[in-house]
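Colleague: Test case, fold it:
(chains A and B)
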Amino acid sequence: MKVNLAYFGKEAVYSFRRNWVQSVAAITTVALCLVVVGIIAITLYVGGLMIKEIESQVEIQVYLADTAETKPIQAFQEKLVSWDEVKEVKYVSKQEALEIFKKKFENNPEVVENLSDNPLPASFVIMLNNSREVEDIAGRIKSIDNIDELVTDEKDIKYGKEFVGRLFAFTRRLSMATSAFAILLIFVSLVLITNTIRLAIFGRRKEIGIMRLVGASSWFIRIPFIIEGMIEGAIGSGVAILILTLLYRTFFSKLANGEWLSFVAIPFDQGAFIRLIFMLGFGGIAIGALGSMIALRRFLKV
Amino acid sequence: MIRLKNATKYFGPDKPALIDISLKIEKSEFVFLVGPSGSGKSTFIRLLLREFLPTRGEIYVSGQDVSKLRPWKIPYLRRNIGCVFQDFKLLPNKTAFENVAFALEVIGRSKHVIKSHVAEVLNLVGLEEKHNSYPDELSGGEQQRVAIARAFANRPPLLLADEPTGNLDPATSLGVMSLLNRINRTGTTVLIATHDREMVDSMRKRVIALEDGKLVRDQLRGVYGYES
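Modeller: The predicted structure follows:
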C-alpha cells in the first residue's frame, strides 16, 4: 500500500490546530517537565563529577614505626604495588613528612621550632583505582603477616572510615531521590499528552468511526495522532532545551569556570550539555509518541 | 456470499439478541431482513461486519469465517463490505465529493483512482451536479444517496444497509430502494434490514424475518407479513 505522507501530515496539523488550547497545555507540561528533568540531570552529572573528585582523594595512609627495618618496608611496598586494586603507592619519608609539616605551619614557626627531634613517622600513601574498595584493602593490609613489624598499632592504618561510609550513603540516596522525582515528572507529562490526544480523538470520533467502517487499517488511523503527539513532544522539548540553554549560559557555565564558586571547580563540559540536549529532544518525542499510543489503545479496540 | 451456522449472540447472560440462526445468502442476491425493533436485525449486520464476535456458531462472509479473523485483518474484510445506515454517517465538514473520496483515501487508493471512482459513483447515484454541496445543503434522500455512493465507491461484492429509508419519506425511499436495486443488478449482493412494510411488499424479493432473535421465516419473493 502506498503510504500517503502528505495525508498524515495534513491530518496531524489539522487536529493540532483544532485542539490548540489542549495542545499548548500539553506542550507546556512537557517543556516544564523536561526543564526539571534537565536540571536534575545536570545536577546529578555535576554532583557525580564532584563526588568522583572527592572519592579519588580517598586514600589509605600507613604510618610506619620508627623501628621498622628497610627490608620488610621494601617488601611491603612491592606487595602493595602488585595488587590490582592499587593505583599508586607513595612513600613519604620521615624527612619529607617534616617538610610537609613545616610548610603547613609556615605562619607559626614556633610550633616547628619547639620540635626537638623529628617526631613524624614515615608513611605510605596508597591510592586505589576504585575508592569504594577502601575498606577491603585496608583490611587486607592489616592482615598481612608481618604487618606488626612495620606499624606499632592497627590504628596507624588510616583511611577515614566514617567519612567514606557517609559519603557513599549520601550519594546513593541523592541520586535515588532525584531519579524518582524525574520519573514521576515524566509520568505526569505522559498522562497529560495522553489526555490531549484522547480529546483530539474524541473530537474526531465520527470520522474515526467512518474510517473503521470503510476498512481503514488501524495504523492508518493511528499515525496522524501519533504524529500529533510527537510534534507536541518535540515542541515541548524544544522549549525545554531553549530554557536550559539560557540557564546553562547564565548559570552553569559560570559555575564551571569557577567564576562564582571557585572552590568547586566543576569540570562541566559543552559535550555533556549537547548530549543532554539530544537526550531531552529524543525523550520529548518519545513521550509524545508513547502518550498517543496509550490514548489510542483503548479507543481502537475493534 | 454469506453463510451462518447456528449463529448466536448474547449481550449478557440473559440478554439474547440472536438465537441459533442458520442461513445462506448467495452471491448477487437481494435480501430484506425484516422484523420489529429489537428483533436482532442490527445485531445481524454488525456480526457480519465483525464489530463483535458471536457467542456461538460460525459466520462466513465470502467464504471466510469472520469469528476466526485476526484483528488486523478486520479492515480488509470491511473493504469488501459496503455499508449504509439510517443516519447516513456523513462528515458535515466535507462536501459530497470529499465524503465519498474520504472512504477511498483512507484505504490508500491513489489520487487518480479516487478521482475517477468518485465521479463515476456520484454519477450512478445521480448527484454529479451536487458534488460540491455539503451534507446540510442536501435533502435527506440526497444525503442517503451520497452515503450509498460512498459504500459502493470501492465496488464491494457485498452491500449492507441498516434501515436505509428509516429517516426518509415514502417517495424518497422509493428512489433510494431503486438505486439499491440497480446496484444489485451490477452483481453486488445486497442485504437490507428494514421495517418499511410497503417497500418490502412492493419489491417482492427474498425476505428473512426475525422475531426476538429467532429466524421465523425465510421466503423467496416474500412480503413483510404479519397481516394486521
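Colleague: Name the nearest residue to residue 67, sequence neighbours excluded.
Modeller: The chain I'm using is chain A. A:Thr152 (7.9 Å; Cβ to Cβ, 6 or more residues apart in numbering or on different chains). In this view, the C-beta of every residue, glycine as well, is placed from N, C-alpha and C.
Colleague: oops, I was thinking of chain B
Modeller: Per Cβ to Cβ, 6+ apart, closest to B:Ser67 is B:Leu53, 5.2 Å.
Colleague: can you pull the pLDDT of A:Lys2?
Modeller: Note for A:Lys2: predicted pLDDT of 50.
Colleague: just to revisit the earlier point, quickly find the element holding the residue nearest to B:Ser67.
Modeller: Using DSSP states H and E, B:Leu53 sits in no helix or strand.
Colleague: State the number of residues packed around it.
Modeller: Using other Cβ atoms under 10 Å in any protein chain shown, B:Leu53 has 13 neighbouring residues.
Colleague: roughly how far apart are B:Cys83 and B:Ala153?
Modeller: 12 Å (Cβ to Cβ, to the nearest Å).
Colleague: Assumed the residue nearest to A:Thr67 was part of a strand.
Modeller: No: A:Thr152: not assigned to a strand; according to DSSP: H, G, I helix; E, B strand; the rest coil it is coil.
Colleague: surely it meets A:Leu64?
Modeller: No: judged on Cβ atoms under 8 Å, A:Thr152 makes no contact with A:Leu64 at a distance of 9.0 Å.
Colleague: Please say which of these two ends up with more neighbours.
Modeller: Neighbours per residue, other Cβ under 10 Å: of A:Thr152 and A:Leu64, the larger number sits with A:Leu64, 22 against 14.
Colleague: nearest spatial neighbour of the more buried one, skipping sequence neighbours?
Modeller: A:Ala122 is the one closest to A:Leu64 (Cβ to Cβ, 6+ apart), at 4.7 Å.
Colleague: Quick check: that neighbour touching A:Tyr91?
Modeller: Yes: when contacts are counted by Cβ under 8 Å, A:Ala122 is listed as touching A:Tyr91 (7.3 Å).
Colleague: and those two? which has more neighbours close in?
Modeller: Set A:Ala122 next to A:Tyr91 and count neighbours by other Cβ under 10 Å: A:Ala122 wins out with 20 against 13.
Colleague: Quick check: phi and psi at that one.
Modeller: Backbone torsions of A:Ala122, given as degrees, to the nearest 10, read phi -70, psi 160.
Colleague: Name all residues that make contact with it.
Modeller: By Cβ atoms under 8 Å, 6 or more residues apart in numbering or on different chains, the residues touching A:Ala122 are A:Tyr63, A:Leu64, A:Asp66, A:Tyr91, A:Val92, A:Ser93, A:Lys94, A:Ala97.
Colleague: For B:Lys27, see how far away the residue lying farthest from the centre of chain A is.
Modeller: Centroid-distance maximum for chain A: A:Val214 at 51.7 Å, with Cα atoms, centre = their mean. Relative to B:Lys27, A:Val214 is positioned 22 Å away (Cβ to Cβ).
Colleague: Could you do B:Leu53 as well?
Modeller: From B:Leu53 to B:Lys27 the distance is 25 Å (Cβ to Cβ).
Colleague: Same question for A:Ala6.
Modeller: 38 Å.
Colleague: Compare the two (neighbour count), which wins?
Modeller: Between A:Ala6 and B:Lys27, counting by other Cβ under 10 Å, B:Lys27 is the more crowded of the two (12 against 9).
Colleague: Can you verify that one is assigned to a helix?
Modeller: No: per three-state DSSP, B:Lys27 lies outside any helix segment and is coil.
Colleague: dump the residue contacts of the closest residue to it other than its chain neighbours.
Modeller: Of all residues not flanking B:Lys27 in the chain, B:Met1 sits nearest, at 4.7 Å (Cβ to Cβ, 6+ apart). Contact analysis of B:Met1 by Cβ under 8 Å, 6+ apart lists B:Ile25, B:Glu26, B:Lys27, B:Ser28, B:Glu29, B:Val61, B:Ser62, B:Pro157, B:Leu158, B:Thr189.
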